[in-house]
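[1] next come a sequence and a model predicted from it.
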Amino acid sequence: MGENSLALKQMEDPSSWHLPEGVHWPRNTGTLIDLVGKTPLYRIQRVEPDIPQSVRLYAKLEMYNPGGSIKDRAATMMVYEGLRTRALRPGMTILESTSGNTGVSLAMLGAALGYPVKLTLSAAVSEERKRLLRALGAEQVYTEPALGSDGAIRKVQEIYAQNPEHYFKPDQYSNPANLWSHYLTTAPEIWEQTDGRVTHVVAAIGTSGTVMGTGWGLKKRNPRIQVVAVEPDRHDHGLIGMRHIPSTLRPGIYREDGFDRLVRISTERGLETARAMAQREGIMVGATSGAVLAAALDVARENESACVVCFCNDSGERYLSGRLWSTPGT
C-alpha cells in the first residue's frame, strides 16, 4: 500500500483525523515557500444590501498568495512533504493533472526550487492560465475539453505509468498533504483573524482539500462551527475548478461527513455574484469564488448573528478572455 493510500485509510473517520508524526508546515526555508499563506480577510458589505447588519460576512482573499491562488497552500505542502520524505529527489519531474491553479502553483514552486514540471489539463482552461504556465516554464499536455478534469486525471495516470521512477506525482485529489495544508495554515489564520468568532466557513468542492482541512482545523477549536461545502448544480457546469461529485471521479480525500451542509449553486449565479463583487466591492474574483460567495450570502441571510467566512480562491484577472467578463454590461 502506497504512502498516500495508507494515510487515506487512516482518514476514514473525520473525527479521528490526526497529523502523522513529523508533519509540519515549512518555516524559514529561505525560499518562495515562506510567502505562502497569511492572506487578508475582507469584510463584504455591498454585494447584497439585504444582509442583516448584525451578520459579519468575510472573504478570505487567496489571490494574495505568491502564485495568485489558494492552491499555493496545497502545492507547497505536497512538494514539501515530497522533499521531506525523499519521494521528490533531484533529477525528478513534478507531474500533475490540473484545472489551472494547482498547475500554476506547482510551476511556480518548481521554478523556485529547481524542478521541472509537467502538467496535464483540459484544453478548455483559460488562455490566461496557459500563458502563466508557459511563462513559468511548465510543460503542458492538453486533453479533450469534453472530458473536463477527469480527462486530465486519466492522462496523468497514463504518463506516470510509463516511467514512474522519473516522476513525482503529488496527486492532489488523493494526497492528505492537501488538507493538512489547510489544517495547519488556513484554519488558524481564520480563527485568529476573526478572534475566534467565526460561526460558518464556506468553501468549494474541487479536490475538497480546502473544505475538509479548514473545517477539520476550525472544529478542533470550536465543534459548533458549521462547515458548508459548495458544488455546481449540474454536471455540465462552467465553474472551473469545482467538481459536481455525483457525475465525476470522487477525490480520495473527499468525505461527506467532513462537512455539515452541501449547497449547490448554478453557473449563472456564480458568474453574476462574481460580477457583483467586482462592481460593488471593487474586487475581481473568478466564477468559482462567485459561487462560493453566493452560497455564503444564503447562509448569512439565514443566521442573524453569524460570522461567515468564505473563500475567494483566485483573481478574476485569470478569466478576462472567457465568459465571466464577456457579457454585455460587464
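    Received, thanks.

[2] quick one: contacts for the nearest residue to L324 once chain neighbours are set aside?
    Of all residues not flanking L324 in the chain, A287 sits nearest, at 5.3 Å (C-beta to C-beta, 6 or more residues apart in numbering). Heads up, the C-betas are built off the backbone N, CA and C, glycines and all. Each residue near A287 by C-beta atoms under 8 Å, 6 or more residues apart in numbering is listed here: G238, L239, I240, T267, G270, L271, A274, Y319, R323, L324.

[3] OK, contacts around the first one?
    Listed by C-beta under 8 Å, 6+ apart, the contact partners of G238 are T267, G270, L271, A287, R323.

[4] whichever strand or helix holds R154 packs against which elements?
    If you go by DSSP states H and E, R154 is part of helix 148-162. Applying 3 or more C-beta pairs under 8 Å, 6 or more residues apart in numbering; DSSP states H and E, we find helix 148-162 packed against strand 93-97, strand 117-122, strand 139-143.

[5] could you rerun that using 10 Å?
    strand 93-97, strand 117-122, strand 139-143, strand 167-168 (3 or more C-beta pairs under 10 Å, 6 or more residues apart in numbering; DSSP states H and E).

[6] what about the helices in this protein?
    Here the chain has its helices, by DSSP state H, at 3-9, 71-85, 101-113, 127-135, 148-162, 176-181, 187-193, 209-221, 267-276, 287-302.

[7] format the ones you listed as CSV; extra columns: distance to P170 and mean pLDDT.
    Listed next are those as CSV, based on distance: least, C-beta to C-beta, whole Å; pLDDT from 0 to 100:
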stretch, distance to P170, mean pLDDT
helix 3-9, 9, 59
helix 71-85, 4, 97
helix 101-113, 7, 96
helix 127-135, 16, 92
helix 148-162, 10, 92
helix 176-181, 8, 96
helix 187-193, 21, 98
helix 209-221, 11, 97
helix 267-276, 27, 96
helix 287-302, 21, 96
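
[8] can I get those in a markdown table with distance to E256?
    Below are the helices of the chain laid out as a markdown table (distance: least, C-beta to C-beta, whole Å):
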| stretch | distance to E256 |
| --- | --- |
| helix 3-9 | 15 |
| helix 71-85 | 20 |
| helix 101-113 | 23 |
| helix 127-135 | 30 |
| helix 148-162 | 20 |
| helix 176-181 | 15 |
| helix 187-193 | 20 |
| helix 209-221 | 10 |
| helix 267-276 | 22 |
| helix 287-302 | 17 |
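
[9] ok, back up a step: distance of the residue nearest to L324 from C312?
    Distance from A287 to C312, counting by C-beta to C-beta, to the nearest Å: 11 Å.

[10] so what sits against both of the two?
    Residues touching both A287 and C312 by C-beta atoms under 10 Å, 6 or more residues apart in numbering: A274.

[11] quick check on the contacts of A287: which are buried?
    With burial judged by 16 or more other C-beta atoms under 10 Å, the buried subset of those is G238, L239, I240, T267, G270, L271, A274, Y319, L324.

[12] right, and the fourth one touches H235 too?
    Going back to what we said before, that points to T267. No - if you go by C-beta atoms under 10 Å, T267 and H235 don't touch, sitting 11.3 Å apart.

[13] now the two most distant members of the contacts of A287.
    T267 and Y319 (12.8 Å; C-beta to C-beta).

[14] overlap of the contact sets of these two?
    I240, A287, T288.

[15] for the first one, what are its contacts?
    Residues touching I240, when contacts are defined by C-beta under 10 Å, 6+ apart, comprise 99-101, 122, 124-126, 129, 148-149, 206, 267, 286-288, 314, 318-319, 322-324.
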